[in-house]
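Chemist: Pasting the sequence and the predicted model now:
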Amino acid sequence: MPQPPRPDGAPDNPVPVHSVQEEYFYLMVRRCACGGPWAPTGQTVERSGDRIVHHVPVRCAACGQERVVRFALEAPARRDPAPVREINPTAEPSRALDAAEWMDLARFYLERIERLKEPTERTQSLLDARGCLGEALKFYGPGDGGPPPEALWSEQSRAKVADRPDTYRRATLEAMLAKVPPEERLRQADAPEERELRKALQETARRRVGRRWWEFWKRGKN
Ligand SMILES: [Zn+2]
């Protein structure tokens, strides 16, 4: 099966995305050649018909290199207003990041919860983790126990999965999703007027999965 292109946001090859949130995650994952993270310095919008192209100038926080990354936001995915932090409302797998990259993002958001003090930030981190796990799962066909070959676009991703296959098994993803509170409840808790619900949600989450539930991820490293 042919592998999807690895768009780099060059002028003739904008990165196809389903949301601004997906653009944000792309910039988090695809770093500068020096390893530094990209920081957006602005944005311009180009519209042609149903298509929207975002031109995002970025600067490397480590070496200062600058470039412009272009994203093509496809019309069918746009909803007004889109739910906050929604990545991709369609069943189509991402064409910006591969399965292993979504899993790595999910792990980042789960592990950082330990360091966050604000309940709102924790809720948002859970919402992002849930969204990223969901995006990873979209790459798995009904009979796939692990990510199929076409879900891994780089040597780096293939090496990660070969190195720790258990971490990327479908059963692992589904077990993680089952431990994160449902999306609707997280969204409600993310709204500023829902403080009481937020408190209740935290209690529920603790009861469901235990205080150090994120250590689920660390088992695979042993
Ligand atoms: Zn750099």
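Modeler: All right, it came through fine. Residues are numbered from 1 along each chain as shown.
Chemist: Just want the most central residue of this structure.
Modeler: Centroid-nearest residue in the chain: Cys132, 3.8 Å away (criterion: Cα atoms, centre = their mean).
Chemist: which helices and strands sit right next to the helix or strand Met176 falls within?
Modeler: According to DSSP states H and E, Met176 maps onto helix 170-179. If you count contacts as 3 or more Cβ pairs under 8 Å, 6 or more residues apart in numbering; DSSP states H and E, helix 170-179 packs onto helix 99-112, helix 119-137. C-betas here are computed from N, CA, C, even on glycine.
Chemist: So for the shortest one, mean pLDDT?
Modeler: Across helix 99-112, pLDDT averages out at 94.
Chemist: angle of it against helix 170-179?
Modeler: 40 degrees (axes from the mean of the first three to the mean of the last three Cα atoms, to 10 degrees).
Chemist: In PDB, could you pull the C-alpha coordinates for helix 99-112?
Modeler: Taking C-alpha atoms only, helix 99-112 is exported to PDB below (Å, rounded to 0.1, in the frame of the first residue of the first chain):
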ATOM      1  CA  ALA A  99       0.000   7.100  14.500                       C
ATOM      2  CA  ALA A 100       3.200   7.000  16.500                       C
ATOM      3  CA  GLU A 101       3.400  10.800  16.600                       C
ATOM      4  CA  TRP A 102      -0.200  11.000  18.000                       C
ATOM      5  CA  MET A 103       0.600   8.400  20.600                       C
ATOM      6  CA  ASP A 104       3.700  10.400  21.600                       C
ATOM      7  CA  LEU A 105       1.600  13.500  22.000                       C
ATOM      8  CA  ALA A 106      -1.000  11.600  24.100                       C
ATOM      9  CA  ARG A 107       1.800  10.400  26.400                       C
ATOM     10  CA  PHE A 108       3.100  13.900  26.700                       C
ATOM     11  CA  TYR A 109      -0.300  15.200  27.800                       C
ATOM     12  CA  LEU A 110      -0.800  12.300  30.200                       C
ATOM     13  CA  GLU A 111       2.600  12.600  31.900                       C
ATOM     14  CA  ARG A 112       2.400  16.400  32.300                       C
END
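Chemist: Let me know the angle separating that helix from helix 119-137.
Modeler: 160 degrees.
Chemist: Please list the residues outside helix 99-112 that contact it.
Modeler: Here helix 99-112 makes contact (Cβ atoms under 8 Å, 6 or more residues apart in numbering) with 25, 28-29, 93-94, 97, 125-126, 128-129, 132-133, 135-136, 139-140, 147, 151-152, 156-158, 160-161, 167-168, 173, 176, 214, 217.
Chemist: ok, now with 6 Å
Modeler: With Cβ atoms under 6 Å, 6 or more residues apart in numbering as the test, helix 99-112 has contacts from 25, 29, 125, 128-129, 132-133, 135-136, 139, 147, 151-152, 157, 160-161, 168, 214, 217.
Chemist: And for stretch 138-148?
Modeler: Counting by Cβ under 6 Å, 6+ apart, 93, 99, 151, 168-170 sit against stretch 138-148.
Chemist: how close does the residue nearest to the residue nearest to the centre of the chain when sequence neighbours are not counted get to Arg158?
Modeler: Closest residue in space to Cys132, ignoring its immediate chain neighbours: Ala106 at 3.8 Å, by Cβ to Cβ, 6 or more residues apart in numbering. For Ala106, the distance to Arg158 equals 19 Å [Cβ to Cβ, to the nearest Å].
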